[in-house]
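1. Make a model of this:
(one chain, ligands or ions: 2)
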Amino acid sequence: MATTPAAKTLRWFVRHIIHEATTAQAFASIRENNRSVRRPDLTLATTDHIVPTKPRKHVKSYQDYYKGDPKAEELCLALEKNAVDFGMHFYPLNDKRQGIVHIIAPEQGFILPGTTCVCGDSHTSTHGAFGALAFGIGTSEVEHVLATQVLWQKRSKNMRISIEGTLHESVSSKDVILHIIGKIGTAGGTGCVIEYAGSVIRNLSMDARMSICNMSIEAGARAGLIAPDNITINYLKGLPFSPKPGDEWDKAENYWKTLYSDKDAKFDIDITIDAQEISPCITWGTSPQDVVPITGSVPYPESFQDDPNREEAVRRSLTYMDLRPGTQMEDIAIDKVFIGSCTNGRIEDLRSVASVILAAGPDAHVSSNVVQALIVPGSGIVRQQAEFEGLDVIFERAGFDWREAGCSMCCGLNQDRLKVGERCASTSNRNFEGRQGSGGRTHLLSPIMAAAAALNGRLTDVRKYGVLPKLPGSSSQTRQETTTSTNLTLSQRNEPVAAENVNKPSTPKNQTATPETSTTKDQLKFTILRGIAAPFSLENINTDVILSVQFLTGVKRSGYGQYLFNALRFSPSTGERSDFILNRVPFNNSSIIVCTGRNFGCGSSREAAVWSLKEFGIKCIIAPSFGEIFENNCVKNGVLPITLTLSKCKELYTDAEAALPLEIDLTTSGIRRPGSKLAAIPFKIDPFRQHCLLHGLDDIGLTIEKLEDITLFEQKRRSKFPWIDNIPAPSRTKLSSQNTTTSFEW
Ligand SMILES: CC(C)[C@@](O)(CC(=O)O)C(=O)O
Ligand code: SF4
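-> Ligands and ions are numbered 1, 2, ... in the order given. As a prediction, the model looks like this:
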């Protein structure tokens, strides 16, 4: 066998966070291949995506709570069993620390400045708010991290976005990030890590910083970060996973203070935005870049005619959103409101919502044409703090539905969903077609704007309520004190694990083989592919469109092909087959996609999008650029992503339209057009990737060969930064499903 080119470096991950929606297949392969989880002590697990958010008090049993949603029960049980069997930190449903991964991990001090963090979820970028390098990965990479705690990585480009000046009244951090995405576009940060800087960012609380970093992925960047400062340091003081007070804390604090960009640092892209140009804003379309100030109107597609792909996307968006160009945003009536998600489900978000209700007066009430106005705290601890401050009373009195923690209507994977045609004002992060439920329509906005919309029954400029009152208890210190005092659940419910079991690779006893979950060498191999290509021209084809969220309930890597581009291939209301390109002969037999739009596969990390493409028969995708997580997911599954210039993509698009075959030769890195006199088109591919694909190599196996080096590296890190893995040991947690006879203890 040829030697492996070492074009990339291994990066050690200090923190790994996992949830039920993207990990079942990873664990199944770990078990099937008799591998162990290398650092369960550095892994934090919870269930959040598919969990119901209906009241948990007085629930008799776990089975009862999931009644009517067997898939949810199966997925959550799988995660619980995996987390418990492998001995990870785990917060089950009946633990106050349960909630959305990106809210609970910071709450516990699990994310520290200068660390590296991954999660099978694109919004892992949230944690960059602590000056950590944090990004989303696909399920196969989750498996790699479980087995080794490292991944092969290449360096990203650097981008800095500075927001200078002072924000207008009622302009929140959500408006800042929506404004940025509107300006640079959803492909603007492709291949970059964004540093958010400037006076506005420096003055933001940690909650607000997290909302900004959270949506870096919507700006095309895999990670976003903010230099740690006193605000960061104060937030972390006294949290369960923070460094111990005394010498360890002092050392850590001194180190954290060195983590900033040099004054004369050069960035690949450097943008400055004047804070005064940012208004409360809102999206009108089906991409997070479709942003206008609330005082604006729905755009005319012709105004994008310089860019025909965008113009086409805008037309499609407006049809989907059922909006007429020129309509004032404030004239748009809504059916539902969703306040929550990993972007805006934190305590400050909830306080700001309450402040709008209070400003609207004692009779403020959700409008009668709003059928549901959900407020979903991001964690049990946020919920408890909100109740401690009496916010729940304000919400419920005004007719809002106060829920239990979870992702809820952000993604339509659980029972909180939009129906076909429903329009929602949502504080979440994605307005993709079908994101909140098949055929649903989403307008992204800030929590205060969502509150105003709920009260008025239409999109509303929150400034009409004047200066909003600041609610007592709005200092982050109050939140932290409460956080710590509720951590009692740890000692009440969990038994500590013996010290000798910590930091050792863990292998569960009952290894159960589930053969459909692992990918074989032959399935991973890619050498030469000959076939016809389906021509695509849209930009930003996201993974929600490739594989809609409602199909993410499986625990295997198969069974997704039939759902590929479901909402485009079949009408959401009638189920009728459309004339979408992949439904048409001969393109229903394509093995290649040629796309002239940038940023193919952006958005969610869901690897099932690649599994569905592959099962449908697509083995190669050619585009001007790709979402980074999607690109990695392709390679992990033997699907070849090829990046070519727009003009080359256009050339191949013409061939594709004429259904001429293409020959993709990975051995020579060239695309041939059989029967044509034109020269082969060369393409670039990272030598390590090429090697793995040509030989069908499982890179986990390759990494495992380096475990000794990794252990040495870890030891060195520990002597330099003793606090990074000197954290409380995982506790033995009882499965919530075992609470069948007694009531849930909430
Ligand atoms: C699992 C899924 C619903 C996800 O959380 C995954 C992701 O963003 O990577 C999403 O928001 O799309
Ligand atoms: S984006 Fe939505 S679904 Fe994804 S983690 Fe955040 S809250 Fe959950």
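2. for A313, helix, strand, or coil?
-> For A313, the assignment made with DSSP: H, G, I helix; E, B strand; the rest coil gives helix.
3. Next, work out how far apart it and N542 are.
-> Noted for A313: a distance of 11 Å to N542, by C-beta to C-beta, to the nearest Å. Using the backbone N, CA and C atoms, a C-beta is placed for each residue, glycine as well.
4. Next, show the common contact partners of those two.
-> Listed contacts common to A313 and N542 are S287; contacts here mean C-beta atoms under 8 Å, 6 or more residues apart in numbering.
5. in the stretch 1-150 of the chain, which spans are helices?
-> Along the stretch 1-150 of the chain, counting by DSSP state H, counting those that start in this stretch, helices occupy 24-32, 62-65, 70-85, 101-107, 139-148.
6. could I get the fourth one in PDB with only the CA atoms?
-> Yep, that's helix 101-107 we're talking about. What follows is the C-alpha trace of helix 101-107 in PDB, where atoms were taken according to Å, rounded to 0.1, in the frame of the first residue of the first chain:
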ATOM      1  CA  VAL A 101     -26.300  21.500  23.700                       C
ATOM      2  CA  HIS A 102     -25.100  25.000  22.800                       C
ATOM      3  CA  ILE A 103     -26.800  26.500  25.800                       C
ATOM      4  CA  ILE A 104     -26.000  23.900  28.500                       C
ATOM      5  CA  ALA A 105     -22.300  23.400  27.700                       C
ATOM      6  CA  PRO A 106     -21.400  27.100  28.400                       C
ATOM      7  CA  GLU A 107     -23.800  27.200  31.300                       C
END
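7. Tell me which residues are up against that helix.
-> Under the criterion C-beta under 8 Å, 6+ apart, residues 15, 17-19, 44, 46, 48, 91, 97-99, 111, 117, 119, 121, 123-124, 126-127, 129-130, 206, 210, 214, 235, 239, 342, 345-346, 378-379, 381-382, 405, 483 lie in contact with helix 101-107.
8. Give me the subset of these lying in strands.
-> For the contacts of helix 101-107, membership in strands holds for R15, I17, I18, L44, T46, Y91, C117, C119, with DSSP state E as the criterion.
9. what's across from the fourth one in the sheet?
-> With beta bridges defined as DSSP bridges, L44 has these partners: I17, H89.
10. Give me the neighbour count for L44.
-> As a burial measure, L44 scores 28 neighbours (other C-beta atoms under 10 Å).
11. which residues does it contact?
-> Applying C-beta under 8 Å, 6+ apart as the definition, the contact partners of L44 turn out to be 15-18, 88-91, 101, 104-105, 108, 110.
12. Can you tell me the SS state at the residue lying closest to A221 once chain neighbours are set aside?
-> Sequence neighbours aside, G189 is the residue nearest to A221 in space, at 3.1 Å (criterion: C-beta to C-beta, 6 or more residues apart in numbering). Secondary structure assignment for G189 (three-state DSSP): coil.
13. who touches the residue in the stretch 451-600 of the chain that ligand 1 sits nearest to in this structure?
-> The stretch 451-600 of the chain approaches ligand 1 most closely through V549 (5.2 Å), counting by C-beta to the nearest ligand atom. Listed by C-beta under 8 Å, 6+ apart, the contact partners of V549 are C411, G412, L413, G434, R435, S604, R606.
14. distance of it from I700?
-> Taking C-beta to C-beta, one finds V549 at 27 Å from I700.
15. could you flag which of the contacts of helix 101-107 are buried?
-> Among the contacts of helix 101-107, the ones that count as buried by 16 or more other C-beta atoms under 10 Å are 15, 17-19, 44, 46, 48, 91, 97-99, 111, 117, 119, 121, 123-124, 126-127, 129-130, 206, 210, 214, 235, 239, 342, 345-346, 378-379, 381-382, 405, 483.
16. quick revisit: what about ligand 1: which of the contacts of V549 touch it?
-> Under the cut-off given by C-beta under 6 Å from any ligand atom, ligand 1 has C411, L413, S604, R606 from these close to it.
17. My guess is the first one contacts G437. True?
-> No: judged on C-beta atoms under 8 Å, C411 makes no contact with G437 at a distance of 9.3 Å.
18. Could you count how many residues lie near whichever residue of the stretch 401-550 of the chain sits closest to ligand 1?
-> With C-beta to the nearest ligand atom as the measure, the residue in the stretch 401-550 of the chain that lies nearest ligand 1 is C411; the distance is 4.1 Å. Other residues near C411 number 25, with proximity taken as other C-beta under 10 Å.
19. Ok, E539 next?
-> As a burial measure, the neighbour count of E539 was computed by other C-beta under 10 Å and equals 25.
20. Check W723 too.
-> Using other C-beta under 10 Å, W723 has 20 other residues around it.
21. which SS state does the closest residue to it other than its chain neighbours fall under?
-> Using C-beta to C-beta, 6+ apart and skipping the chain neighbours, the partner closest in space to W723 is P243 (3.7 Å). Under the three-state scheme (three-state DSSP), the conformation of P243 reads as coil.
22. doesn't W256 make contact with P243?
-> No: applying C-beta under 8 Å, one finds P243 not in contact with W256, separated by 9.7 Å.
23. more crowded one of the two?
-> P243 (25 against 22).
24. Contacts only, for the more buried one.
-> Applying C-beta under 8 Å, 6+ apart, we find P243 in contact with L112, W249, K251, A252, W723, N726.
25. that older thread, residues shared between the contacts of P243 and W256?
-> Common neighbours of P243 and W256 (criterion: C-beta under 8 Å, 6+ apart): L112.
26. Spit out the contact partners of whichever residue of the stretch 251-400 of the chain sits closest to ligand 1.
-> Taking C-beta to the nearest ligand atom as the measure, the stretch 251-400 of the chain has C342 as its residue closest to ligand 1, at 8.0 Å. The contact partners of C342, taken as C-beta under 8 Å, 6+ apart, are I100, V101, H102, I103, H123, T126, N214, G378, C407, C410, N429.
27. Over to F267?
-> In this structure, F267 makes contact with N158, M159, R160, E195, judged by C-beta under 8 Å, 6+ apart.
28. ok, of those residues, which one's closest to ligand 1?
-> Using C-beta to the nearest ligand atom, those come closest to ligand 1 at M159, 20.5 Å.
29. The residue of the stretch 251-400 of the chain closest to ligand 1 and S537, how far apart?
-> 32 Å.
30. Quick check: closest non-adjacent residue to the residue of the stretch 201-350 of the chain found nearest ligand 2.
-> Of the stretch 201-350 of the chain, the residue with the smallest distance to ligand 2, taken as C-beta to the nearest ligand atom, is C342 at 3.3 Å. Spatially, and ignoring its direct neighbours in sequence, C342 is nearest to H102 (3.9 Å; C-beta to C-beta, 6+ apart).
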